[in-house]
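*Asks:* just coords:
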């Protein structure tokens with residue numbers, strides 16, 4: 001009797017309790033996916049009250065315009081898809097990962113940035129950086145609201161004589177009007193892979209900047225600038241990739257922070273500090289220059305030797 005009862009108990013557990021438990025777990029998981037916010041319960045950002053293609057609003061971070069970042073790839077420039085994010089009193093402070101940290105300028109810079117903008121920028125961009133003059137007509141400069149602190153910092157640091165601190169002050173004030181991303185990047189290149197960066201550069205950048213990064217003319221009177229100048233910093237390379245200045249496309253969402261760090265390491269490493277174990281670099285333009293030198297020296301030298309032999313004979 002005891003063995004029969006034990007066998008019945010094992011059969012009940014195997015054929016009833018175990019399948020029932022599995023079905024219950026599957027049902028709960030399905031319910032969590034179907035109910036909005038159920039899967040994010042307990043997360044520090046579960047307080048989201050509005051999510052749209054253009055902006056995200058949370059209690060911790062406030063309203064942040066995300067028009068400057070696209071795609072749903074994690075760690076590709078979107079603060080709400082990054083490994084870490086810091087918000088305080090309704091403001092986005094920083095975000096990113098161990099490849100790139102993005103940080104907005106401190107609020108203490110806003111007042112100085114407002115005064116500096118009124119003196120140096122408002123005549124072209126309008127008094128509120130919206131590209132509209134007081135009489136309602138369009139200004140020379142474009143609307144800067146919603147472009148993100150990185151965009152302002154890049155243009156000011158590369159196109160004006162203002163200092164790095166003044167660039168951040170301007171970025172702080174413009175970004176205070178419409179809090180946006182991308183924020184100012186700070187790349188960490190210690191673990192970057194320059195070989196992977198070379199492949200990514202060849203695929204995404206060389207078509208305009210050339211394989212050696214020396215820049216080239218493009219259509220309609222535009223040009224891709226040289227990036228082999230040692231004054232081009234790692235921060236500016238990341239800002240250009242993430243913001244897409246002028247006619248350059250914006251690589252936000254399609255390149256991860258690791259890939260951007262790899263490209264930046266390659267540009268500021270091998271391109272700006274080339275090593276030529278074979279001797280003269282010959283401009284680094286490849287077999288054309290090398291073939292020309294071979295013809296000029298090799299064939300020319302052989303011709304001179306033949307003339308010399310002919311003269312002796």
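*Replies:* Received it, and whenever you're ready, just let me know what you need. Remember, predicted model here, so these are calculated numbers, not experimental data. Numbering: from 1, shown residues only.
*Asks:* Work out which residue lies at the spatial centre of this structure.
*Replies:* The residue lying closest to the centre of the chain (C-alpha atoms, centre = their mean) is residue 242, at 3.3 Å.
*Asks:* My guess is it contacts residue 252. True?
*Replies:* Yes. Under the criterion of C-beta atoms under 8 Å, residue 242 makes contact with residue 252 at 5.3 Å. Backbone N, C-alpha and C define where each C-beta goes, glycine included.
*Asks:* Could you tell me which residues touch both of those two?
*Replies:* By the contact definition C-beta atoms under 8 Å, 6 or more residues apart in numbering, residue 242 and residue 252 are jointly contacted by 68-69, 77, 182.
*Asks:* Enumerate every residue touching residue 178.
*Replies:* Contacts of residue 178 (C-beta under 8 Å, 6+ apart): 65, 145-146.
*Asks:* Which pLDDT value goes with the residue nearest to the centre of the chain?
*Replies:* As predicted, residue 242 sits at a pLDDT of 96.
*Asks:* Now do the nearest residue to it once chain neighbours are set aside against residue 202, distance only.
*Replies:* Closest residue in space to residue 242, ignoring its immediate chain neighbours: residue 182 at 4.7 Å, by C-beta to C-beta, 6 or more residues apart in numbering. Distance, residue 182 to residue 202, by C-beta to C-beta, to the nearest Å: 24 Å.
*Asks:* Compare those two and say which one has the larger neighbour count.
*Replies:* Higher neighbour count among residue 182 and residue 202: residue 182, with 29 against 12, using other C-beta atoms under 10 Å.
*Asks:* Tell me which residues touch that one, please.
*Replies:* Residue 182 makes contacts with 68-69, 77, 102, 148-151, 239, 242-243, 252, as judged by C-beta under 8 Å, 6+ apart.
*Asks:* So it, which state does it fall into?
*Replies:* Following DSSP: H, G, I helix; E, B strand; the rest coil, we place residue 182 in the coil state.
*Asks:* any idea how far residue 244 is from it?
*Replies:* Where residue 244 is concerned, residue 182 sits at a distance of 10 Å (C-beta to C-beta).
*Asks:* Common neighbours of the two, please.
*Replies:* residue 252.
*Asks:* what residues are up against the residue nearest to residue 142 when sequence neighbours are not counted?
*Replies:* Closest residue to residue 142 apart from its sequence neighbours, by C-beta to C-beta, 6+ apart: residue 131 at 5.2 Å. The neighbours of residue 131, taking C-beta under 8 Å, 6+ apart as the test, are 125, 138-139, 141-144.
*Asks:* For residue 131, give its distance to residue 59.
*Replies:* Per C-beta to C-beta, residue 131 is found 32 Å from residue 59.
*Asks:* pLDDT value on the residue nearest to residue 242, please?
*Replies:* Residue 182 carries a pLDDT score of 95 in this model.
*Asks:* ditto for residue 148
*Replies:* With respect to pLDDT, residue 148 has a value of 95.
*Asks:* now residue 195
*Replies:* Residue 195 is given a pLDDT of 96.
*Asks:* dump the residue contacts of it.
*Replies:* For residue 195, no residue meets the contact criterion (C-beta under 8 Å, 6+ apart).
*Asks:* Please work out how many residues are found near the nearest residue to residue 258 once chain neighbours are set aside.
*Replies:* Closest residue to residue 258 apart from its sequence neighbours, by C-beta to C-beta, 6+ apart: residue 99 at 4.8 Å. Applying other C-beta under 10 Å, we find 23 residues neighbouring residue 99.
*Asks:* dump the residue contacts of residue 99.
*Replies:* Counted by C-beta under 8 Å, 6+ apart, residue 99 has contacts 75, 187-188, 191-192, 256-258, 260-261.
*Asks:* so what secondary structure elements neighbour whichever strand or helix holds the residue nearest to the centre of the chain?
*Replies:* With secondary structure defined by DSSP states H and E, residue 242 is part of helix 234-243. Judged by 3 or more C-beta pairs under 8 Å, 6 or more residues apart in numbering; DSSP states H and E, helix 234-243 is in contact with helix 149-159, strand 184-187, helix 257-266.
*Asks:* just how off-centre is it within its chain?
*Replies:* Remark: helix 234-243 is offset 6 Å from the chain centroid, using C-alpha atoms, centre = their mean, to the nearest Å.
*Asks:* buried residues in that helix?
*Replies:* Buried positions in helix 234-243, judged by neighbour count with 16 or more other C-beta atoms under 10 Å: 234-243.
*Asks:* can you list the residues that contact that helix?
*Replies:* The contact list for helix 234-243 (C-beta under 8 Å, 6+ apart) reads 68-69, 77, 100, 147-148, 150-151, 153-154, 157-158, 182, 184-187, 189, 227, 248, 250-252, 255, 260-261, 263-265, 267-268.
*Asks:* relative orientation of that helix and helix 257-266 in degrees?
*Replies:* Using axes from the mean of the first three to the mean of the last three C-alpha atoms, to 10 degrees, the inter-axis angle of helix 234-243 relative to helix 257-266 is 130 degrees.
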